[in-house]
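# only geometry, no sequence info:
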């Protein structure tokens, strides 16, 4: 298969006058995940769509882990009638990576309707991952009907409140936040004062050179409030992280890859292993996006978003299969 | 005697007929009113409630039907009613027996809001 690699800067965060490009074509589909590598204290993320072309030597770092998201186990509509199959494909892909992640992060919407059998199926599929440790945060679908009681029974060991927690891996401090409970009418994601107070205390004693990775389901930046793609009180959370030189925020919920830099914080959202959703404002609503079968093959694995840290801003380089 | 009975019979018949017509008129009217108060529909589709604001008479049974391919809930902001998760084609009904303005939203996607105004 011939391959033309075009590297283009897509997002002009600092208005450097760099060419823009239609991001629609660049949307990674589903059945995939993101490999995160901590290199020199800075998190770099690589979409697994083009994993077979990775240069493992260039991607070596102190720590690597994989992020998957939005498996929506139980969803069975035309956009993807086999979400178990695509989750398993994502796990197989992770197992085959030239750089093996030490653990997995699942940024929520594990299930579609918070049914026990849905959680059971995801657990079963993840048991097939070589990486045995999986860290979760809940999505709004995981807390349906019981404010997350079942989620906490299953995945909340050692967590506080609605299920928030932190842990350390090789000097990197990870914080799992819950922003999908106690949502108010007309509002966005919500962290709440109890969780914010916990977060402030949790990071207070850490040295400012500690790399921080925060993960939560709904984006902690304002991607598209009209569709609920944001968190009402995330600014306060981020204010507690101002002193740190390297902060990475990993989110899900929007079923597409987006990245943004704001000062010392880089934000990354992951694709869903289940189904894609439209770009902000490109459809009536953020529902499951049906992709014509014949386009599926060309979309699957066609896009690769490599995160390369530049001088001022993030340069998102898109490598597209010809 | 026969004649008197005949006259009474005719008058009686006319009175009965008159009564029937009047009752028929009012029965018809009441039936029409009951029909209007009986039910109202709200369609859930494309992450929105349609219509967003609905005015109904007291005693109406409102039924929400989810036509979206994603589950939604119907939750009153004042804890008056709360549905379980509605998947595609699931329904939820509530009888509004008291006047007032009832704001509600989808607890899974809180940007989705609606109102039932009961008069």
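Cool, the structure landed. Bear in mind that the values here come from a model prediction, so they are computed numbers and not experimental data.

# How about the residue sitting nearest the centre point of chain A, nearest residue that isn't a chain neighbour?
Nearest residue to the geometric centre of chain A (C-alpha atoms, centre = their mean): residue A:270, 3.3 Å. Of all residues not flanking residue A:270 in the chain, residue A:69 sits nearest, at 4.1 Å (C-beta to C-beta, 6 or more residues apart in numbering or on different chains). No exception for glycine: its C-beta is placed from N, CA and C like everyone else's.

# Hmm, the one you found is touching residue A:108, no?
Yes - in this structure residue A:69 lies within contact range of residue A:108 using C-beta atoms under 8 Å: 6.6 Å.

# shared neighbours, those two?
Contact criterion C-beta atoms under 8 Å, 6 or more residues apart in numbering or on different chains; residues shared by residue A:69 and residue A:108: A:217, A:252, A:253.

# I'd like those residues written out as a markdown table, with secondary structure, distance to residue A:161 and neighbour count added.
Output for the shared contacts of residue A:69 and residue A:108, formatted as a markdown table (DSSP: H, G, I helix; E, B strand; the rest coil; distance: C-beta to C-beta, whole Å; neighbours: other C-beta atoms under 10 Å in any protein chain shown):
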| residue | secondary structure | distance to residue A:161 | neighbour count |
| --- | --- | --- | --- |
| A:217 | coil | 15 | 30 |
| A:252 | coil | 20 | 27 |
| A:253 | coil | 20 | 31 |
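
# what about residue A:86, helix or strand, and which?
Assigned by DSSP states H and E, residue A:86 falls within helix A:83-95.

# May I see the buried residues of that helix?
A:83, A:84, A:86, A:87, A:88, A:89, A:90, A:91, A:93, A:94 (16 or more other C-beta atoms under 10 Å in any protein chain shown).

# For the fourth one, give me its contacts.
The contact partners of residue A:87, by C-beta under 8 Å, 6+ apart, come to A:31, A:68, A:71, A:73, A:122, A:125, A:273, A:274.

# Go through these and flag which are in helices.
Using DSSP state H to define helices, the subset of the contacts of residue A:87 located there is A:122, A:125.

# need the contacts of residue A:87 in TSV with neighbour count, distance to residue A:62 and pLDDT, can you?
TSV is the format used below for the contacts of residue A:87 (neighbours: other C-beta atoms under 10 Å in any protein chain shown; distance: C-beta to C-beta, whole Å; pLDDT from 0 to 100):
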residue	neighbour count	distance to residue A:62	pLDDT
A:31	25	29	53
A:68	28	21	94
A:71	30	28	95
A:73	26	33	97
A:122	25	29	98
A:125	19	29	97
A:273	32	27	90
A:274	26	31	89
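
# Which one of the contacts of residue A:87 is nearest to residue A:144?
Nearest to residue A:144 among these is residue A:73, at 13.0 Å by C-beta to C-beta.

# Without its sequence neighbours, what residue ends up closest to that closest one?
Nearest residue to residue A:73, sequence neighbours excluded (C-beta to C-beta, 6+ apart): residue A:118, at 4.1 Å.

# Could you look up the SS state of residue B:116?
Using DSSP: H, G, I helix; E, B strand; the rest coil, the structure places residue B:116 in strand.

# Get me the contact residues on the stretch 201-322 of chain A for chain B.
If contact is defined as C-beta under 8 Å from any C-beta of the partner chain, the residues of the stretch 201-322 of chain A in contact with chain B are A:225, A:226, A:227, A:228, A:284, A:285, A:286, A:287, A:288.

# how does it look with 7 Å?
Applying C-beta under 7 Å from any C-beta of the partner chain, one finds that the stretch 201-322 of chain A approaches chain B through A:227, A:228, A:284, A:285, A:286, A:287, A:288.

# Tell me which two in the residues you listed are the farthest apart.
Within those, two members stand farthest from each other by C-beta to C-beta: A:228 and A:288, at 15.4 Å.

# These two: which has the busier surroundings?
Taking other C-beta atoms under 10 Å in any protein chain shown, residue A:228 and residue A:288 do not tie; residue A:228 has more neighbours (26 against 21).

# possible to save the residues of the stretch 201-322 of chain A next to chain B as a markdown table with distance to residue A:134 and secondary structure?
Formatted as a markdown table, these follow (distance: C-beta to C-beta, whole Å; DSSP: H, G, I helix; E, B strand; the rest coil):
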| residue | distance to residue A:134 | secondary structure |
| --- | --- | --- |
| A:227 | 28 | helix |
| A:228 | 26 | coil |
| A:284 | 35 | coil |
| A:285 | 31 | coil |
| A:286 | 26 | coil |
| A:287 | 28 | coil |
| A:288 | 24 | coil |
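
# Of these, keep whichever come out buried.
By neighbour count, with 16+ other C-beta under 10 Å, those hold A:227, A:228, A:285, A:286, A:287, A:288 as buried.

# Show the backbone phi and psi for the nearest residue to the fifth one once chain neighbours are set aside.
So the one you mean is residue A:287. With C-beta to C-beta, 6+ apart as the criterion, residue A:287 has its nearest non-adjacent residue at 5.5 Å, and that residue is residue B:70. Per-residue torsions, residue B:70: phi -130, psi 140 (degrees, to the nearest 10).

# And for residue B:70, the neighbour number?
Burial of residue B:70 is recorded as 24 neighbouring residues (other C-beta under 10 Å).

# before we move on, back to that, and which of the contacts of residue A:87 is nearest to chain B?
Chain B lies nearest to residue A:274 out of those, by C-beta to the nearest C-beta, at 11.5 Å.

# just for the chain, where's the confidence low?
Since no chain was named, I'll use chain A. In the predicted model of chain A, residues A:1-31, A:292-322 satisfy pLDDT under 70.

# Please refer instead to chain B.
In the prediction, chain B carries residues with pLDDT under 70 at positions B:1-37.

# where does it come near chain A, residue by residue?
So far as C-beta under 7 Å from any C-beta goes, chain B lies against chain A at B:46-47, B:68-71, B:77, B:84-85, B:87, B:103, B:105, B:107-111, B:113.
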